[in-house]
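# Starting from these lines, generate the structure:
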Amino acid sequence: MTLSYMVDVLLEHGRLTQDIVASVKTFIAENQTFSLAPPKAPVSSEKKRLAYGERALLAQNPTAKRLFEIMEEKQSNLSLAADVLTAEELLAIADKVH
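Residues are numbered from 1 along each chain as shown. Sure, this is the predicted structure:
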């Protein structure tokens with residue numbers, strides 16, 4: 001089950017607006033983390049991690065930029081994990097927190 005599918009299900013059941021769905025799908029498309037080409041150089045394990053505020057300044061996607069700003073402001077990872085197998089389970093969770 002993909003995030004895009006779950007977003008479509010939430011839209012279909014009135015839990016998300018079309019604008020939010022479009023924003024999420026744009027974010028997914030613009031922020032893919034895989035590449036079909038092999039890596040050009042080995043990645044150093046000593047690479048410095050940027051703070052969320054620094055990452056917000058570098059973000060090209062407005063949604064990603066805003067999320068990094070919120071994460072910096074709240075000093076939080078600001079994430080959600082829903083370990084479910086069906087759309088019905090996700091909708092039940094959405095009903096509980098709505």
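# State the helix or strand in which L57 lies.
helix 52-58 (DSSP states H and E).
# and that helix, what's its mean pLDDT?
In this model, helix 52-58 has a mean pLDDT of 91.
# so what does the lowest-mean-pLDDT helix or strand in the chain touch, helix or strand wise?
Within the chain, no helix or strand scores below helix 87-97, which has a mean of 84 by mean pLDDT, DSSP states H and E. Helices and strands touching helix 87-97, as assessed by 3 or more Cβ pairs under 8 Å, 6 or more residues apart in numbering; DSSP states H and E, comprise helix 3-12. Bear in mind the C-beta positions are built from the backbone N, C-alpha and C, glycine included.
# Would you mark the buried spots in the helix it packs on?
By neighbour count on 16 or more other Cβ atoms under 10 Å, the buried set for helix 3-12 is M6, V7, D8, V9, L10, L11.
# Look up how far A51 lies from the first one.
This means M6. Between M6 and A51 the computed distance is 30 Å (Cβ to Cβ, to the nearest Å).
# average pLDDT for stretch 66-84?
79.
# Quick one: end-to-end distance for that stretch.
End-to-end distance of stretch 66-84 (Cα to Cα, to the nearest Å): 27 Å.
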